[in-house]
Structures are given as C-alpha cells and as structure tokens.
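Enquirer: predicted model and sequence follow; I will ask about them next.
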Amino acid sequence: MVKGSKEARSTYLKSECFRILSALYLVQPSDDSSDGEVDMTALKASAAAFASSLTGALNDEELLKSKRVRDILKSAERLVKFATSHGDENMWAAIDELRVAVHSLVESSASSSVQSACKKLESEIDVGVKLQKEKTDAEKEAAAAKELKTPSSSSKKAKKSKKAKKTKK
C-alpha cells in the first residue's frame with residue numbers, strides 16, 4: 001500500500017491507498033494484545049516509508065485538491081497517533097520531515113479547515129518529536145549510568161584471578 005501511495009497511476013488510486021493505510025494505522029488499545037504483535041511489527045516497519053510517502057503527497061499539486069487533501073491529512077494524523085504509542089527514533093525522524101511539508105501547506109492553502117487541520121497536526125508532531133527526544137536522551141543516560149556502575153570485564157577477570165590464587169595457596 002505504501003508503494004502504491006507513491007507510484008499509483010492516478011491521483012485517485014494514490015488517494016485510495018492513503019485512505020486504506022489510514023484505516024490500517026487506526027490501532028485501538030485492545031489491538032495491543034500478543035496476537036496483534038506481528039501486525040504491529042509490520043506497521044512499525046513500514047511507518048517511516050509511509051511518512052515519506054505522505055511528505056511526497058503534500059508536495060504533489062494534484063493531491064492537494066480539496067477532495068484529496070483531507071484523506072492525506074487524516075492518514076498523517078493516524079500515523080502520528082500510532083507513532084505516539086508505538087514509535088521509535090527512525091519513525092519520528094521521518095514524521096519530523098513530514099512536519100515541514102505540513103507547515104508549507106498551512107502557508108499555501110486558502111482553505112481555513114485545511115489550515116486548522118494542518119496546525120493541529122503540526123502541534124501533535126512537535127509534541128511527539130519532543131517526547132521521543134526526551135525518551136532517547138533518558139535511555140542514553142541510563143545506558144551510560146549502567147556502564148559506569150558495572151565494572152569492566154577486564155577488572156572482573158583480574159578479581160577472579162586473585163581469588164583463584166588465594167584458594168590455591
């Protein structure tokens with residue numbers, strides 16, 4: 001579907017791909033069970049490509065017509081909601097690139113409803129990117145602190161060899 005959203009023959013087919021992808025990325029909390037984990041893995045794997053496809057669509061004049069742009073914005077909104085609960089650093093990097101295209105649409109669109117939807121989406125992306133950055137920084141700090149607390153393997157070997165010498169005597 002992601003490939004179709006980029007390479008379909010007509011704008012109608014591209015729009016339909018976005019509409020279907022939007023439905024796929026609408027994940028309910030009950031879908032987080034262990035049975036749905038395989039599906040989440042597939043969605044996570046294609047999320048960055050989906051964000052890239054959305055960015056391309058927001059730069060395509062044919063897809064920015066009023067009857068098509070709403071499907072694209074709805075897809076972007078659902079992807080951001082998905083990334084909020086299941087996103088990683090790569091996914092948010094792709095979504096951050098999408099923010100630039102959304103911002104340019106705010107400035108170029110004459111429709112007030114499209115502008116308000118874009119502003120809302122842009123603020124959700126900002127919040128998500130900040131949360132992901134904080135999460136990544138906290139993980140890096142935790143890894144660094146763990147590395148400082150645990151002695152290196154060479155010092156462990158030295159302690160073991162001293163103990164072994166004492167028991168031999």
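Expert: Perfect, I can see it now. Residues are numbered from 1 along each chain as shown.
Enquirer: what's the distance between the residue positioned nearest the centre of the chain and Lys119?
Expert: When the chain is reduced to its mean C-alpha position, the nearest residue by CA atoms, centre = their mean turns out to be Met91, at 2.8 Å. From Met91 over to Lys119 the distance is 22 Å, taken as CB to CB, to the nearest Å. Just so you know, the C-beta spots here come from the backbone N, C-alpha and C atoms, and that holds for glycine as well.
Enquirer: in what helix or strand does the residue nearest to the centre of the chain lie?
Expert: Assigning secondary structure by DSSP states H and E places Met91 in helix 89-108.
Enquirer: from the contact counts, what lies against that helix?
Expert: helix 37-58, helix 66-86, helix 112-149 (3 or more CB pairs under 8 Å, 6 or more residues apart in numbering; DSSP states H and E).
Enquirer: ok so, going back, find the nearest non-adjacent residue to the residue nearest to the centre of the chain, please.
Expert: If you skip the residues right next to it in sequence, Met91 has Ala47 as its closest partner in space, 4.7 Å away by CB to CB, 6 or more residues apart in numbering.
Enquirer: try Ser85
Expert: When the adjacent residues along the chain are set aside, Ser85 lies closest to Val27, with 7.5 Å between them (CB to CB, 6+ apart).
Enquirer: got it, and Leu73?
Expert: Per CB to CB, 6+ apart, closest to Leu73 is Ala117, 5.0 Å.
Enquirer: and for the one you found, the neighbour number?
Expert: Neighbouring residues of Ala117 were enumerated by other CB atoms under 10 Å; the total is 21.
Enquirer: repeat for the one 3 residues further on
Expert: Using other CB under 10 Å, Lys120 has 13 other residues around it.
Enquirer: grab the nearest non-local neighbour of it.
Expert: Counting by CB to CB, 6+ apart, the nearest residue to Lys120 once its immediate chain neighbours are dropped is Glu77, at 7.9 Å.
Enquirer: and the one you found, what pLDDT?
Expert: Predicted confidence (pLDDT) at Glu77: the value is 92.
Enquirer: and Val27, what does it touch?
Expert: Counting by CB atoms under 8 Å, 6 or more residues apart in numbering, Val27 touches 40, 43, 82, 85-86.
Enquirer: quick one: low-confidence parts of this protein?
Expert: In the predicted model, the chain carries pLDDT under 70 at residues 28-39, 150-169.
Enquirer: ok, the residue nearest to Lys120 - contacts?
Expert: Taking CB under 8 Å, 6+ apart as the test, what Glu77 contacts is 117, 120-121, 124.
Enquirer: take those and lay them out in CSV including distance to Ala110.
Expert: Written out in CSV, the entries for these read as follows (distance: CB to CB, whole Å):
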residue, distance to Ala110
Ala117, 14
Lys120, 18
Leu121, 18
Glu124, 23
